[in-house]
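# sequence and predicted structure below; questions after.
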Amino acid sequence: MTTTTLAVLVPLLPFLGAVAGLLLGRTAPGFVRPLAVLPVLAATALAVAVAVRQGGGKTIDAATRLTPTGSVPIDLALYIDGFAALVAVLVGVVATCVQVYSTGYLREDPRYPSYAALVSLFTSAMLLVVYSGDLMVLLVGWEIMGICSYFLVGHYWETPEARAASLKAFLVTKLGDVPFLIGLFALAADAGTFRITGVLGAVAGGGLDHPTLIALLLLAGVAGKSAQFPLHTWLPDAMAGPTPVSALIHAATMVAAGIYFTARLLPVFAESAAAMTVLAVMAAITMVGSALAALAQDDIKRVLAYSTIGQLGYMAGALAVGDRGAAVFHLLSHAAFKALLFLAAGTVIHAAGTNSLTAMSRMSGLAKRVPNAYWTMTVALLALAAIPPFAGFFSKEAVLVAAEHTALGDRTVAPAGAGWTVLVAGLLTALLTAAYALRLWLRTFRGRGAEAPAHGRQPLAMTSVLWVLAIPSLGFGLTVTYLDDWFDGNALTPTLTTAVLGTGLAAAGAAVTYAVWRTLAARTPAAAAARVPAPHVAHPDADAGLVEAEALTLPQPAEDPADPGRALLGPLHGPAADGFHLDAVYRTAFVRPVLAAASLVRFLDREVVDTYVRGAGASARGLGWLVRRAQTGNVQTYLSALLAGSVVLAIAAVALANAVAGA
């Protein structure tokens with residue numbers, strides 16, 4: 001079987017699995033779990049085979065004409081280079097882990113068949129984005145992911161939070177997709193093709209007439225899909241969906257799509273120094289702002305959500321300094337440890353018997369009750385904090401090294417100012433990341449909240465997946481010296497300067513956080529800590545996913561006196577906990593004016609348009625009443641009226657004749 005055929009089957013198998021799962025979900029429920037896992041697993045095996053054959057060498061490029069358009073043609077095309085092959089493997093591995101994990105996590109959920117089918121369709125769409133060599137076909141996968149996220153985030157549609165979160169995710173990403181679509185058309189108009197090879201050839205030949213406009217339009221879509229400032233606000237609220245969905249969205253699909261797209265078309269963005277500067281500033285604000293917000297959250301999943309936004313900021317920063325190898329390397333590394341963090345958080349939720357918005361202030365005694373989650377989450381948090389030799393250290397260092405080279409003028413793809421912006425923001429974020437990572441670990445596994453009874457034994461399908469993902473979280477970075485050929489031949493190894501600065505700041509952030517926590521814990525009696533409201537407790541046999549949906553409306557916990565985040569942030573804690581009030585700004589600047597305009601339109605429709613309509617109807621009714629009153633049935637009355645009318649007409653005729661004669 002040729003490599004092209006194998007590559008075509010990679011996105012096709014999960015799609016067929018999704019269709020079969022939807023068709024057989026009710027009639028043959030016994031096939032649901034095999035149809036959820038096996039097609040995605042087979043697609044992963046084929047993606048590995050494609051990566052082995054591609055080998056980081058010559059790009060696989062094949063196409064067939066999809067439809068004649070009369071102008072710019074659309075092709076069903078494959079374009080697989082080294083990092084596309086690796087990203088496809090990543091998507092397959094994480095999606096398989098999520099599907100396996102979900103068989104245990106959502107084992108009692110009555111909507112599991114549709115859930116599993118949507119996850120498979122989500123995976124197929126992302127694989128289509130990764131392998132596509134035509135921008136219009138890529139757009140199909142791009143938009144299918146948006147639809148899947150809407151349904152999956154709103155899986156527990158009985159709750160208002162889930163409904164609002166799914167709608168918000170859909171609308172905010174669509175807000176970026178509109179200029180994104182315009183940018184794609186403008187790019188095709190300049191390049192004369194939607195084929196990625198043709199676009200890159202046009203860029204190399206100087207064929208783009210409006211590079212800045214095109215790049216900025218495309219960046220709007222990237223900001224929405226990859227949750228970058230200012231269109232990142234949908235991602236924390238998306239935690240209302242099942243935890244495995246969060247792992248899929250945050251690690252391997254949706255949010256990775258925008259970064260991957262920018263990496264694929266980086267020469268287009270590099271044509272405009274203004275666009276690269278905008279991308280650098282956007283990445284810097286995203287990194288620092290999301291890290292501060294993560295340090296203020298009490299909900300474990302919202303901490304991880306803001307963490308994802310910040311790590312995506314690192315990837316965007318690497319792209320802003322012209323190094324797509326560093327960006328994709330961090331994307332791969334981040335996917336492993338972030339998927340592990342979310343799935344371990346799901347195990348914690350299952351053990352604590354609380355809701356999907358799990359408050360760390362309610363947790364206690366979990367280290368002994370969920371040892372698998374404890375150890376694997378520790379590995380993932382060390383990777384997140386970029387502590388050597390864990391995976392996050394090497395990939396984050398690659399980003400900082402790229403920024404350093406640009407700042408010092410060793411690389412001229414982007415302005416030096418962009419390099420300094422990314423470098424300073426990246427170092428500051430390294431300090432904050434270690435602080436909130438340690439805070440999460442301390443409050444989750446060393447907290448003194450009101451301990452919930454055991455929520456049953458974790459299924460093997462859940463715990464085994466955690467250890468599978470722990471392997472790349474620990475060791476993927478050690479392969480850095482063997483990956484140069486897969487990432488454009490650029491070296492990804494750390495340098496002494498950034499390694500010392502980054503690791504030193506991370507260690508400082510962790511040390512200060514631990515010292516503050518110890519001080520607060522010593523000052524706070526155990527009795528005061530225990531006054532934090534007890535967690536919601538479900539029946540021991542209840543499904544964790546159902547517990548999430550059931551308890552989404554629980555009140556927020558009381559203020560935790562032993563929270564180091566509050567002490568570290570000081571007056572910034574309140575704004576950071578609320579995402580710096582960006583949603584309130586949007587409500588004031590956009591939502592309220594739109595609602596006011598809608599109210600005005602409704603008033604005009606009711607008081608003006610409806611008045612004319614009612615008046616026309618009343619006139620017709622009045623005329624009908626007069627005509628009806630005239631219909632008496634009396635022949636004498638009719639003859640009298642006819643005679644009177646004749647007399648009037650005669651008088652009028654005589655008067656008209658006299659007037660004509662006088663003239």
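Yep, it's here. A quick note: this is a predicted structure, and the numbers were derived from the prediction, not measured. Residues are numbered from 1 along each chain as shown.
# okay, now the unreliable bits of the stretch 301-450 of the chain?
352-358, 365, 448-450 (pLDDT under 70).
# again, 80 this time
Scanning the stretch 301-450 of the chain for pLDDT under 80 picks out 350-359, 361-366, 447-450.
# now do the strands in the stretch 1-150 of the chain.
In the stretch 1-150 of the chain, the segments counted as strands under DSSP state E, counting those that start in this stretch are 60-67, 74-80.
# CSV for these, including mean pLDDT?
Formatted as CSV, the strands of the stretch 1-150 of the chain follow (pLDDT from 0 to 100):
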stretch, mean pLDDT
strand 60-67, 85
strand 74-80, 91
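# deepest-packed of those, please.
When the strands of the stretch 1-150 of the chain are scored by mean count of other CB atoms under 10 Å, the highest mean neighbour count falls to strand 74-80 (a mean of 22). Backbone N, C-alpha and C define where each C-beta goes, glycine included.
# pull the residues that contact it.
For strand 74-80, contacts defined as CB atoms under 8 Å, 6 or more residues apart in numbering pick out 4, 7-8, 50, 54, 59-67, 88, 131-134, 136-137, 194-197.
# using CSV, write out every CA atom in it.
The C-alpha trace of strand 74-80 is given here as CSV (Å, rounded to 0.1, in the frame of the first residue of the first chain):
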residue,chain,number,x,y,z
ILE,A,74,-9.9,23.4,-5.2
ASP,A,75,-7.9,20.3,-4.9
LEU,A,76,-8.2,17.2,-2.7
ALA,A,77,-4.5,17.4,-1.8
LEU,A,78,-2.0,16.0,0.7
TYR,A,79,1.0,17.9,2.0
ILE,A,80,2.9,16.0,4.6
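# now that strand against strand 60-67, angle please.
170 degrees (axes from the mean of the first three to the mean of the last three CA atoms, to 10 degrees).
# just how off-centre is strand 74-80 within its chain?
Its chain's C-alpha centre and that of strand 74-80 lie 25 Å apart, by CA atoms, centre = their mean, to the nearest Å.
# now do stretch 595-605
33 Å.
# contact partners of it?
Outside stretch 595-605, not one residue touches it by CB under 8 Å, 6+ apart.
# can you check stretch 474-484 too?
56, 329, 332-333, 336, 379, 383, 389-395, 398, 490-493.
# now list the buried members of the residues you listed.
In the contacts of stretch 474-484, burial by neighbour count holds for 56, 329, 332-333, 336, 379, 383, 390-395, 398, 490, 492, counting by 16 or more other CB atoms under 10 Å.
# quick one on the thing from earlier: in helices only, show me the contacts of stretch 474-484.
Secondary structure defined by DSSP state H assigns 329, 332-333, 336, 379, 383, 391-395, 398 of those to helices.
# give the helix, strand or coil label for D488.
In three-state terms, and counting by DSSP: H, G, I helix; E, B strand; the rest coil, D488 is coil.
# wait, what's in contact with it?
82, 324-325.
# filter the residues you listed down to the ones in helices?
82, 324-325.
# which one of those residues is nearest V647?
Taking CB to CB as the measure, V647 lies nearest R324 of those, at 96.6 Å.
# got the contact list for that closest one?
So R324 contacts 83, 262-263, 266, 318, 487-488 (CB under 8 Å, 6+ apart).
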